[in-house]
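Colleague: A structural model of the following input is requested.
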Amino acid sequence: MCLPKIQQTITQTGVRSGFVANTWSDREEPDSYASELRNATRPDLTPDPLYVKGSFKYSYRVMIKNYIKTLKEPQLKELDHFESGAWVFVENPSEKELRQLSEQFKLDIGLLKDAVDFYEVPRIEIEDNATFIYTQFPYEAGDTIVTIPALFVIGTDFFITVADKPFPHVQRFTEERIDFYTTHRTKLFLQLFSQINGSYNIFLHRIIRQIKSSRIKLEKITNKDVIKLVTHEEILNNFLSVLLPTSNVLKSILTGKFLRLFEEDKDLVEDLFLDIGQLMELCKSNLKNIGNIRDGYSTIMTNNLNSVIKLLTSLTVVLMVPNIISSMYGMNVSLPLSESPLAFFWISMMILLVSALVLILFISRRYF
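Modeller: Numbering: from 1, shown residues only. Next comes the predicted model:
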């Protein structure tokens, strides 16, 4: 079998300030990442296996793209370099690329690095006349759903989005299925934020369907189903831990201290705030449903265990009767019927009679 050749790193450099427009890079990733890429929301992210020193690596596209769409030029264009009013779309950046962004737009490198910190929480900050808004969006990674940090930077003449994984439904913007303008930076941010809410809604309703199916077959629930419920519970708690601070971020935006809001923008922020409130209620109600299902399953298992113990105890008592009688006639002492040739018959009949009486008693008490 011929091994594939090692691809060389290909870089196209933008014109201004050494700004990277498109980059291909080789990075070591676990095999699970290849399956994540196949399921990615963007079809252009496809794994390219490379054989290097006995191990496979995946070459995947790392992008920094510039888009512009204005009222004068309503057709979306991808630029080779940044222009005033453009949307700088950054995905899966390296530290070098973040430094290039920092130098070109005079941004704090520490704040940019926070955008790829898995443990970053939603918040809003203002630094050097630019507003940094951090949030998280849901991302399907194998059999579970995680939340990935994302950063929106709104400046005087630029709009930057930074995320470590494929941004939800970004094709709707690049394919112009959503009406937007890159020069309307606040509204574009709110439209992207709305897509994040939509992705939460999609994942939540998928989880709701699975929870309902578990509730329907509660008597036949298996350990695998219980593990799924625990996984759903962890995902919902993770969603809640993101949605709550995100709601506070929207409250801060609504005050008008961080972003200049027009009346239409205020309506959008209020709608997003209400949507997040509904998502939080969905998370809470489904966490309660999971708790009820788990309690019901625990009660059913306890009742089944009690029934089995009761049955085994009753059978033990029934079988103990012949054991006691046969043990008595095994002693070397004079006993009734010990000299009779029909002793075995009468003893057996006595054992059957006593056992039958005990059995009838237990049945009448519903021990079986």
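Colleague: any idea how far Ala115 lies from Val153?
Modeller: Plainly put, Ala115 is 9 Å away from Val153 if you go by Cβ to Cβ, to the nearest Å. Yep, even glycine has a C-beta here, placed from its N, CA and C like the rest.
Colleague: ah, wrong one, I meant Val321
Modeller: Distance from Val321 to Val153, counting by Cβ to Cβ: 84 Å.
Colleague: ok, the two, which is more surrounded?
Modeller: Higher neighbour count among Val321 and Val153: Val153, with 24 against 19, using other Cβ atoms under 10 Å.
Colleague: ignoring the adjacent residues along the chain, who's closest to that one?
Modeller: Of all residues not flanking Val153 in the chain, Ile160 sits nearest, at 4.0 Å (Cβ to Cβ, 6 or more residues apart in numbering).
Colleague: so how far is the helix or strand where Val230 lies off the chain centroid?
Modeller: Assigned by DSSP states H and E, Val230 belongs to helix 223-254. Put simply, helix 223-254 sits 9 Å off its chain's centre (Cα atoms, centre = their mean, to the nearest Å).
Colleague: same deal with stretch 100-117?
Modeller: Centroid separation for stretch 100-117 versus its chain: 27 Å, with Cα atoms, centre = their mean.
Colleague: what's the answer for stretch 272-286, then?
Modeller: Between the centre of stretch 272-286 and the centre of its chain there are 16 Å (Cα atoms, centre = their mean).
Colleague: for it, buried residues please.
Modeller: By 16 or more other Cβ atoms under 10 Å, the buried positions in stretch 272-286 come out as Leu272, Phe273, Asp275, Ile276, Leu279, Met280, Leu282, Cys283, Asn286.
Colleague: quick one: stretch 168-188 to chain centroid distance?
Modeller: Distance, centroid of stretch 168-188 to centroid of chain: 25 Å (Cα atoms, centre = their mean).
Colleague: measure that stretch end to end?
Modeller: Stretch 168-188 has its terminal residues 14 Å apart, counting by Cα to Cα, to the nearest Å.
Colleague: need the contact partners of that stretch.
Modeller: Residues outside stretch 168-188 that contact it (Cβ atoms under 8 Å, 6 or more residues apart in numbering): 41-42, 67-71, 74, 76, 85-87, 89, 137-138, 154-155, 158-159, 191-192, 195-196, 198-199, 259-262, 264-265, 268.
Colleague: pLDDT of that stretch, averaged?
Modeller: For stretch 168-188, mean pLDDT is 90.
Colleague: quick one: buried residues of it?
Modeller: Within stretch 168-188, the residues scored as buried using 16+ other Cβ under 10 Å are 168-171, 173, 180-188.
Colleague: just give me the closest of the residues you listed to Ala356.
Modeller: Pro168 (70.9 Å; Cβ to Cβ).
Colleague: element containing the nearest residue to the closest one once chain neighbours are set aside?
Modeller: Using Cβ to Cβ, 6+ apart and skipping the chain neighbours, the partner closest in space to Pro168 is Ser199 (4.0 Å). Secondary structure from DSSP H and E places Ser199 in helix 185-216.
Colleague: angle of the helix or strand immediately after the helix holding Val230 in the chain against helix 185-216?
Modeller: Scanning forward in sequence from helix 223-254 by DSSP H and E, the next helix or strand is helix 263-328. Relative orientation of helix 263-328 versus helix 185-216 (axes from the mean of the first three to the mean of the last three Cα atoms, to 10 degrees): 20 degrees.
Colleague: quick revisit: buried ones among the contacts of stretch 168-188?
Modeller: Buried members of these, counted by 16+ other Cβ under 10 Å: 42, 67-70, 76, 85-87, 89, 137-138, 154-155, 158-159, 191-192, 195-196, 199, 259, 261, 265, 268.
Colleague: give the helix, strand or coil label for the spatially most central residue of the chain.
Modeller: Closest residue to the average C-alpha location of the chain: Ile145 at 1.9 Å, with Cα atoms, centre = their mean. Assigned with DSSP: H, G, I helix; E, B strand; the rest coil, Ile145 falls in the strand class.
Colleague: so what's it up against?
Modeller: Ile145 makes contact with Pro138, Tyr139, Phe203, Ile235, Asn238 under the criterion Cβ under 8 Å, 6+ apart.
Colleague: domain parsing for this protein?
Modeller: Domain assignment for the chain by automatic domain parsing gives 1-183, 307-364.
Colleague: just to revisit the earlier point, nearest to Phe362, of the buried residues of stretch 272-286?
Modeller: When these are compared against Phe362 (criterion: Cβ to Cβ), the nearest one is Asn286, at 44.0 Å.
Colleague: what's the separation between that closest one and Asp225?
Modeller: Asn286 sits 15 Å away from Asp225, going by Cβ to Cβ.
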